[in-house]
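S.K.: show me the folded form of this:
(2 chains)
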Amino acid sequence: MEFLKKIIKNILVQFRRFKLASSLNLVGLCLAISSFFLFVTKVEEEVRFNACFKDWRQMYRIEMSGKMLSNDIDTTANIFAPMRHIVKRIPNVKDVGIMESSSISITLKKHDKGSGKAQTYKCRYFNGYAEYLDFFGIEIIDSIPNHVDGDIIVPESFAQNMYGTTHISGKKVSWNNNGFTVTHRIAGVYKDFPRNCSVSNGFYQYGMNKDGDSYINFIYHIYVKVEDSKHVPQIEKGILNEVKNLCKEEKLKLMDVSTININLHDIHDAYFSSIDEKEDKGNWIMTKILFFSAILIFILTNVNFINLTLALAPMRIKNINTCRVLGASRLSIVTSLMAESLILITFAFCISMALLLCLDKFLIGNVSPLYHLRITGFTFVLIIWAALVSSAYPAWFSTSFAPDIALKGTFGLTALSRRLRTIRISFQLITCLVATTVTTALLIQQHFIFNADYGFDTKNILYGSIQTTEARQHREDIRRDIEKLDGVESVSFSMFDIGTDDRYIKWALRTGDKKYNIFTSVIPVDRNYIKTLGIKIASGRDICDSDSGAFIFNEAARKKFPWLKTGKQILPYDNDYDTRHNVVGFCDNIIFTSLRMKNDEEALLFYIPEKDGLYDNTLNIINIRVAEDKNTQNLRDEIEKIYNRYSGSHRTEDGINLRSMSDELIGLYFEEFSFMIQLSIIAGIFMFITLIGVFCITMFECEYRRKEIVIRKVFGATTTQVMRIFLRKYLLLTVCSAVISLPCSYSLIEILMARFTLHSEYMILAYPIAFLLVALATLATVTIQCYRAAHFKMKNS
Amino acid sequence: MIRLENIKKSFATDQIETVALNGVSLEVKEGDFLAIMGPSGCGKSTLLNIMGLLDVPNEGKYYLNDREVSTLNENDRTRLRRGTIGFVFQSFNLIDELNVEENIELPLTYLGTKKDERKKLVYDILKKLNMGHRATHFPQQLSGGQQQRVAIARAIISKPKLILADEPTGNLDSQNGKEVMELLKLLHEEGTTIVMVTHSQRDALYADRIVNLLDGQIIESNEMI
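M.R.: Below is the predicted model of the structure:
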């Protein structure tokens, strides 16, 4: 106890003596421990995705691949619902699960009569197959005896949040769906699934929905549980044979039967496969980066801790050696110094865990140390080990001199120790430079995404959604009224908002003489579209008012299908309606899908549908071209008012939902931008920790070289001249670190940029910008420390 | 050369204020060799620090070559010190990382002297002090006497008119101490003004004048005949 008291007293004395350095060290330690914990938590969450299911190693997702009248083989995890029956018949299949891949997002509201406040709950609604959740080991915690089709089961979190109890079976819930009120009876409450699994904690309806026997709607994920993984090839073969039979029976159309293949993808690996855009959100690169970042943070923290403890050594060495002169053994001093480090790091650990407990409410996902007890324990053991290792060397150093020499102030690092110190700081600088360069490159790409030439106007277009039947019927009235507004130049309608998705619908067409086939992406638009979006016509003409059922292809289509000419007649491939369309012109190539896809070789067709025809009713996106500097809130309000006037009583809360291209891009690249934010945070943490390291090392060096600094000043060196000695050294170190970091930064940027087909031409600037940032931050830190040292009262030294 | 008028200097900690100099007035003419003596804590070193522009007084005026310097900022004091004042310390204060040659040329680098000229001046002075064979040695490879000779060489390399010596023989044996004092005497004879703080009566005899300090005040000033 006495020993502990002494140690704590020593720590407090050090804190009072070296307030800035000690505080920085503590902040750095807390930041590093919290970041390490968060990164490891995230990595574990990703690595153990779907591992919460019983027998998860025997669970697979069915994927189909094949040619759908194009030359490309597409792989999809979206399967037709009757596949569940087919799979059940295959030998060695234990169980089958089915889940709708395109669920609806719903918002439920509850008004608290007491406080008058409205409480909302957002989740997904799955139209059918609640009974199939047994496949995932669903745990029903409250239920009514007999449920009927149409009843739903809800998650425990919903029950607790909205009702404060899980006993809500039998109650009815209602929500608004596209202007209509939908009501369902709650048949049961299930225990929430963890975040890191394929099952969303939503509302699941019992009973087969309208697609239950449809072979056309490929919108379901089908899962199988096999007896043993070795049976997978046989099962794949069995399913394939069944699917081929379906093709023969003409239940499955439009598929080239010779190219069809079936793949059972294990549910853990499927998460990282990107086959399904909505579900496969796993990112191995980010997971690996997080894992290595956690390791690097741990190492950097160790290095920092050594640096600071070593930096304090010259200032404590007199006291330490006085104790030795007075009879303290070397072992007792080393033990006491190491105990100080242990207590300090334990204190930092406690602060970090408290911080994480507070942050748990604000961060997505559960980051509470109490929830991740295994990781909490692991982090604690690791940092204790780190504290022992990183305090051993400074403790040994402080006691390694003969006391009389140390008391005279004649001590310093050996050549080897100096080299080690250079290696330590270089390692920190290299890590920091790599993280900063990669982050800068991603930010340059982000800037490019927002400012690239897409081939159409992205700055002055507002997109909106026509959501109600009434509004659709008044499309022309809405156009007329909005065009009257001051600042609005043109209004058009289309089926999609262009440039905001990875792919659009594709059509199989053929020429009027049935000689040639065309497979192209299609965007149904109205007559004003080309003009409103500012797309350039390369040859032929733009659409005129009299056009009905006209086609405008892009230049890539003309290159791909050289026989396509203006005036050529085109038919749908199946020609059920014998509708002929005229090609009226060709437009320049535009970036119409995300930058993840190759746009320059992709054929695109703007289809101007026949008035009141099938596709005319699908033009539900309104594109409004506004004059420059007129994209004001007032104008948006006016447009909203016009829309509300025509949209009837069933309009949804978000109304026309006006958005700019930037808003769309943020949604489109949500994953990439989240990745960039995460990486920026990591780079920021690395830089902060590195700067603390540099600060501590310069502090040590200034202290160690204080005598030299003073002698130089006595003999006429100015503060600037003294600082130059240090700055030159650290600049050289930063330059060398930048050179060493180049290959690593380059490789990482190459890997990350492979996601985009188009890159900013200014990507090369990432290297000098990152270097300047790190060099400036480092030199600023060194300058502050040196300035303090150079202004130390000379007479005292 | 030096005129001090009613110089006061005190150091304050949280609770105690220590008066180091309490109204010291003193004049040192060009070519003088002045020895300052007194018991420990009487303010000798503080006085020398103020004379050497390493510290500033709380009160009083300090004229160096008829220029009031007590109010100068640190950079101006640094510039004035260059080439005007040379320092010799009891503990030599050579820079451990620099060799003899580099230590001696240090003041010249801050004066902006060209490298060739620096080399020549260093060579000349080392020859004069019989230290030519030690040019590339590091301080820890030299004896105390040799280190102090290097320190004196460093102090006089820029040909300052004033040398301030703080117990220059304090860390030396009698033989080496004598050699150092002879060297200072020689410099004095060549016209350099020397102000020396010492505890040694024997060393003080080399001076033209001895000033005795007690509790921050001059209690006695004796001209040597």
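S.K.: so what's residue A:393 up against?
M.R.: Residue A:393 makes contacts with A:306, A:310, as judged by Cβ atoms under 8 Å, 6 or more residues apart in numbering or on different chains. Using the backbone N, CA and C atoms, a C-beta is placed for each residue, glycine as well.
S.K.: for it, give its distance to residue A:335.
M.R.: The span separating residue A:393 from residue A:335 equals 15 Å under the rule Cβ to Cβ, to the nearest Å.
S.K.: got it, and residue B:144?
M.R.: Residue B:144 is 38 Å from residue A:335, where distance means Cβ to Cβ.
S.K.: chain center to the helix or strand bottoming out on mean pLDDT in chain B, what's the gap?
M.R.: Considering only helices and strands, the least confidently modelled element of chain B by mean pLDDT, DSSP states H and E is helix B:74-81, at a mean of 82. Shown here is helix B:74-81, whose average C-alpha point lies 16 Å from the average C-alpha point of the whole chain (Cα atoms, centre = their mean, to the nearest Å).
S.K.: now swap in stretch A:551-569 and tell me
M.R.: Here stretch A:551-569 is found 39 Å from its chain centre; the criterion is Cα atoms, centre = their mean.
S.K.: let me know how buried the residue of chain A found nearest chain B is, in neighbour terms.
M.R.: Of all residues in chain A, the one sitting closest to chain B is residue A:716 (3.5 Å; Cβ to the nearest Cβ). The number of residues packed near residue A:716 is 23, by other Cβ atoms under 10 Å in any protein chain shown.
S.K.: okay, it: pLDDT?
M.R.: The per-residue pLDDT reported for residue A:716 equals 80.
S.K.: need phi/psi at residue 40.
M.R.: No chain specified, so I'll use chain A. The phi/psi pair for residue A:40 (degrees, to the nearest 10) reads phi -60, psi -40.
S.K.: which ones are touching it?
M.R.: A:294, A:375, A:378, A:379.
S.K.: the spatially most central residue of chain B: what secondary structure?
M.R.: For chain B, the residue lying nearest the average C-alpha position, counting by Cα atoms, centre = their mean, turns out to be residue B:164 (1.8 Å). For residue B:164, the secondary structure call by DSSP: H, G, I helix; E, B strand; the rest coil comes out as strand.
S.K.: so for it, what's the nearest residue that isn't a sequence neighbour?
M.R.: Spatial nearest neighbour of residue B:164, chain neighbours left out: residue B:52 (4.7 Å); criterion: Cβ to Cβ, 6 or more residues apart in numbering or on different chains.
S.K.: can you pull the pLDDT of the one you found?
M.R.: 88.
S.K.: then residue A:702?
M.R.: Confidence score, pLDDT, at residue A:702: 76.
S.K.: my read: the residue of chain A closest to chain B touches residue B:81, true?
M.R.: Yes. The criterion here is Cβ atoms under 8 Å, and residue A:716 meets it with residue B:81 at 5.7 Å.
S.K.: quick check, residue B:70 in a helix?
M.R.: No. Counting by three-state DSSP, residue B:70 falls outside a helix, being coil.
S.K.: measure it to chain A for me?
M.R.: Distance of residue B:70 to chain A, computed by Cβ to the nearest Cβ, to the nearest Å: 15 Å.
S.K.: how many neighbours does that residue have?
M.R.: When counting by other Cβ under 10 Å, one arrives at 19 neighbours for residue B:70.
S.K.: which parts of the stretch 551-700 of chain A are strands?
M.R.: Counting by DSSP state E, counting those that start in this stretch, the stretch 551-700 of chain A forms strands over residues A:569-572, A:581-587, A:604-608, A:621-626, A:659-660, given from the N-terminal end onward.
S.K.: same question, chain B
M.R.: Counting by DSSP state E, chain B forms strands over residues B:2-12, B:17-28, B:33-37, B:59-64, B:67-68, B:85-89, B:162-166, B:193-197, B:209-214, B:217-223, given from the N-terminal end onward.
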